[in-house]
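> build me a model from this:
(one chain, ligands or ions: 2)
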Amino acid sequence: MSAPLLRCHGVSVEYGHGDARVVALREVEMTIEPGERLALVGRSGSGKTTLLHVIGGLVSPTDGIVEWKGEPLSTLDVAARGRARAAGIGFVFQGSNLFPHLSAFENLAFAARASRNDRPGPGPSDLLALVGLAGKADSLPGELSGGEGQRVAIARALAQRPELLLCDEPTGHLDSDTGERVLDLIDSLQSQFGFSLVTATHDPDVAARSTREVELEDGSIVREGTFA
Ligand code: ADP
Ligand code: MG
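Ligands and ions are numbered 1, 2, ... in the order given. Sure thing, here's the model as predicted:
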């Protein structure tokens, strides 16, 4: 068996101090395997977003380690962690989080340049075509619908040619039909490019698309399941 892409070992995260102290994650043990489709489920406040941010190197654990291909991500300094993230890990947030003053094409081109990896993959124009938005290359994010903005955000994450795509409630701001189409798109791109996919969601229909599920409750993993 190959090594996991990512491993969390004894990962705890605390926010704040004293009376304001919140334990968001408690000694989380988890691996992410190459090419797998993992759903992170749990109620609001259970720690899903915090775990995604720790996995992606946006938040450093208070305790424990995060290893990216056997290297400790969480002990790198901010700049080195940023480089590791840009080279291998793509994010899709609940809102599209695009740069508002850059066109759709420029948002993708910026991400592609920042990633500085030499893996082969489609360029910005091809990616916009893949998500059905070739005609919106010059549009600013404010000129796009919610579903279009989210498709651009997905294309932008793929412009980094990620090995791991992290999605945080990716359809949370979309109506159910648009959400279905966005999820279909993510799934088909994953089949095509083979990155590992981790989706945080409180929606059982979204989680049902995964091959493995990890449930968080109050910052602890309380259940894990694998699906056929
Ligand atoms: P979820 O994504 O499952 O809703 P979060 O990871 O956002 O859960 O939150 C987990 C816990 O950590 C919650 O109690 C939340 O209020 C708290 N929390 C999240 N982010 C912060 C922050 N930046 N500062 C303080 N507390 C936070
Ligand atoms: Mg969340």
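> quick one: the longest helix along the chain to chain centroid distance?
Secondary structure of the chain per DSSP state H: the longest helix is helix 176-193. On the basis of Cα atoms, centre = their mean, to the nearest Å, helix 176-193 is displaced by 14 Å from the centre of the chain it belongs to.
> neighbouring strands - and their directions - for whatever helix or strand comes next after that helix?
Scanning forward in sequence from helix 176-193 by DSSP states H and E, the next helix or strand is strand 196-201. Applying DSSP bridges to the sheet, strand 196-201 is found paired with strand 37-41 (parallel), strand 164-168 (parallel).
> with distance to residue 27 and mean neighbour count added, can I get those strands in CSV?
All C-beta spots, glycine's among them, are computed from the backbone N, C-alpha and C. Converted to CSV, those look like this (distance: least, Cβ to Cβ, whole Å; neighbours: other Cβ atoms under 10 Å):
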stretch, distance to residue 27, mean neighbour count
strand 37-41, 16, 23
strand 164-168, 21, 24
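> got a markdown table for these, with mean pLDDT too?
Compiled in a markdown table, the strands paired with strand 196-201 are given as follows (pLDDT from 0 to 100):
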| stretch | mean pLDDT |
| --- | --- |
| strand 37-41 | 96 |
| strand 164-168 | 95 |
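> out of the ones you listed, the one nearest ligand 2 is which?
Ligand 2 lies closest, by Cβ to the ion, to one member of the strands paired with strand 196-201: strand 164-168, at 5.9 Å.
> hmm, that closest one in reach of ligand 1?
No - using Cβ under 6 Å from any ligand atom, strand 164-168 stays clear of ligand 1, coming no nearer than 7.3 Å.
> thought residue 224 was touching residue 215?
Yes - using Cβ atoms under 8 Å, residue 224 is in contact with residue 215, at 7.3 Å.
> interface residues of this protein facing ligand 1?
15, 16, 22, 24, 42, 44, 45, 46, 47, 48, 49, 50.
> not counting sequence-adjacent ones, nearest residue to the second one?
When the adjacent residues along the chain are set aside, residue 16 lies closest to residue 22, with 5.7 Å between them (Cβ to Cβ, 6 or more residues apart in numbering).
> now do the one you found: how many residues are near it, please.
The local packing of residue 22 (other Cβ atoms under 10 Å) involves 12 other residues.
> phi and psi next, for it.
Backbone geometry at residue 22, expressed as degrees, to the nearest 10, gives phi -130, psi 130.
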